[in-house]
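Novice: got a sequence here, can you model it:
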Amino acid sequence: MKNSARHPSWTLRLNLQPVTAALAIAILFAAAVLTQSAQAQTFTVIHTFTGLGEDGANPYAGLVMDRGGNLYGVTEYGGTGPCSTQYTQGCGTVFKMKPTGSGWTYEPLYSFTGASNNDGAYPYFGGLTIGPDGSLYGTTTEGGLNESCDGNPGCGTVFNLKPGPTRPATALTPWAEKVLYRFQQAPDGNVPDGLLAFDAAGNIYGTTVYGGTNNYYYWGTVFELTPSAGQWTEKLIYSFYGEPDDGAQSFSGVVADQKGNLYGSTFAGGTDNAGTLFQLSPSGSGWKESILYKFITNGTQPYSTPIFDSAGNLYGGTTAGERTNSPVIYEISPPYLGGQYSILYTFDGYYDGGPAAPLLMDAAGNLFGTTKGQNSPYGTVFEISPSSGGWVYTLLHQFTRGNDGGNPYSNVVMDAQGNLYGTASVGGGPTYCSGGCGVVWKITP
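Specialist: Numbering: from 1, shown residues only. Below you'll find the model as predicted:
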């Protein structure tokens with residue numbers, strides 16, 4: 001069984017039951033449609049996952065959108081890979097949602113095959129990044145080398161996915177995957193998660209939840225992958241060392257500014273193990289870490305990378321509020337060391353159920369995101385807007401964990417028409433996952 005300590009907030013597991021191939025194919029390409037009005041918005045489910053055949057199950061990560069308006073994402077479970085436990089079936093998938101007229105077509109791009117094939121398994125929270133070459137990059141939390149890694153099959157991978165050299169025969173023709181790096185036992189990283197970032201030279205940066213040089217299991221790392229002659233070389237550029245002075249367990253990945261500095265968050269470490277916001281800056285032949293903020297009373301346990309506005313302010317959310325029982329949306333103004341930390345909005349009654357993914361800022365300065373919720377309520381999609389009296393909150397959708405899905409860990413993406421898209425990790429129409437296999441949703445203003 002998977003080590004549940006890797007995913008401290010999981011409460012749901014899959015129970016996939018076999019069905020006929022005909023039913024699997026029929027469900028796979030049928031996009032369940034549901035509309036619900038919230039604050040004059042129209043909420044629509046554009047795909048319901050089933051975990052059957054090529055279809056995925058449980059999209060904890062959100063989506064990315066290419067210039068053509070296509071959506072890409074990952075599911076932690078499902079697909080045709082050989083991974084199987086008493087709770088799960090399949091090693092996870094990569095998928096595409098293609099706009100077609102007034103609807104959407106779901107295309108499975110890849111099914112991970114796990115450590116027994118030296119492939120990755122279980123892409124969890126990090127999601128996908130579109131690289132400078134236009135192809136897809138991401139991480140899997142397990143798999144890679146076919147060996148035990150703290151009791152799990154493999155320490156995880158960084159992968160690249162792109163269309164094959166010839167036109168695919170059908171929508172079920174998989175894309176070509178290449179594993180760029182397979183993590184190993186300490187002092188290497190373990191359980192890569194969070195978003196990947198590229199610098200101007202094409203190097204890749206990311207985080208691992210565990211591993212590193214300071215403690216082989218608990219605290220985690222920031223890593224760099226450097227390309228050379230078609231191969232990639234990994235280097236740990238920082239190992240966290242935990243409370244009270246440093247962060248630990250980064251689920252966030254990193255984001256880079258124009259000067260090459262990296263920013264991210266840690267779920268733990270810092271004061272009372274409540275998490276931190278950090279910066280890594282190039283310094284000589286290495287990197288220097290600075291803790292920009294230690295979370296404690298004003299929101300705790302951030303999962304996600306912060307985002308920048310045009311003035312260089314950083315924005316993000318926390319999943320919990322250990323002392324206030326309330327997650328928050330925060331802003332930190334430059335200079336970041338000693339800069340002003342401000343709370344823009346406090347969520348009431350959402351202990352451990354706040355925003356788990358990066359926020360989205362539109363051209364008008366409005367912020368959009370999701371809250372992952374808990375047992376009830378089951379998460380939301382929200383907008384907060386700047387005004388003369390502060391920030392105004394608007395509920396765009398509240399999930400029921402019915403046909404509309406539930407418990408979104410997803411970021412929000414926006415198309416040119418202002419439509420919003422994301423995923424919900426559970427729920428959906430009749431499926432063969434206990435609690436539902438999750439959905440892809442759209443909100444039309």
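Novice: dump the residue contacts of A197.
Specialist: By C-beta atoms under 8 Å, 6 or more residues apart in numbering, A197 lies in contact with T129, I204, Y205, G206, G253, V254, V255, A256, L262. Yep, even glycine has a C-beta here, placed from its N, CA and C like the rest.
Novice: ok, which stretches of the chain are helices?
Specialist: 21-28 (DSSP state H).
Novice: grab the nearest non-local neighbour of G138.
Specialist: Nearest non-adjacent residue to G138, counting by C-beta to C-beta, 6 or more residues apart in numbering: L128, 4.7 Å away.
Novice: from T140, how far off is the one you found?
Specialist: For L128, the distance to T140 equals 12 Å [C-beta to C-beta, to the nearest Å].
Novice: pick out whichever of these two has more residues nearby.
Specialist: T140 (32 against 23; other C-beta atoms under 10 Å).
Novice: what about the closest residue to that one other than its chain neighbours, distance to D199?
Specialist: Nearest non-adjacent residue to T140, counting by C-beta to C-beta, 6+ apart: G120, 3.0 Å away. Taking C-beta to C-beta as the measure, G120 falls 23 Å from D199.
Novice: just G264 next, same as before
Specialist: G264 is 15 Å from D199, by C-beta to C-beta.
Novice: ok, these two, which is more surrounded?
Specialist: G264 (28 against 15).
Novice: per-residue pLDDT, the more buried one?
Specialist: pLDDT, G264: 97.
Novice: same check on the one 5 residues further on?
Specialist: According to the model's per-residue confidence, G269 sits at a pLDDT of 95.
Novice: which residues touch it?
Specialist: W219, F240, G242, E243, D246, G247, A248, Q249, G275, T276.
Novice: please apply the same query to G51.
Specialist: Neighbours of G51 in contact, by C-beta under 8 Å, 6+ apart: L14, L16, A57, N58, Y77, G78, Q89, G90, T431, Y432, C433, C437.
Novice: and those, which is closest to P302?
Specialist: For the contacts of G51, the closest approach to P302 (C-beta to C-beta) belongs to N58, at 22.2 Å.
Novice: isn't the closest one right next to G438, touching?
Specialist: Yes. Using C-beta atoms under 8 Å, N58 is in contact with G438, at 5.1 Å.
Novice: so what sits against both of these two?
Specialist: With C-beta under 8 Å, 6+ apart, N58 and G438 have common neighbours F49, T75, S425, V426.
Novice: determine which two of those are furthest apart.
Specialist: T75 and V426 (11.5 Å).
Novice: where does pLDDT dip in the protein?
Specialist: Low-confidence segments of the chain, defined by pLDDT under 70: 1-40, 87, 166-173, 216-217, 322-325, 349-351.
Novice: residues touching the residue nearest to T139 when sequence neighbours are not counted, list them.
Specialist: Nearest non-adjacent residue to T139, counting by C-beta to C-beta, 6+ apart: P192, 4.1 Å away. Applying C-beta under 8 Å, 6+ apart to P192 gives the contacts 126, 139-141, 156-158, 183, 206-209, 223.
Novice: which one of those is nearest to S285?
Specialist: Distances from S285 to the contacts of P192, taken by C-beta to C-beta, are shortest for F223, at 16.3 Å.
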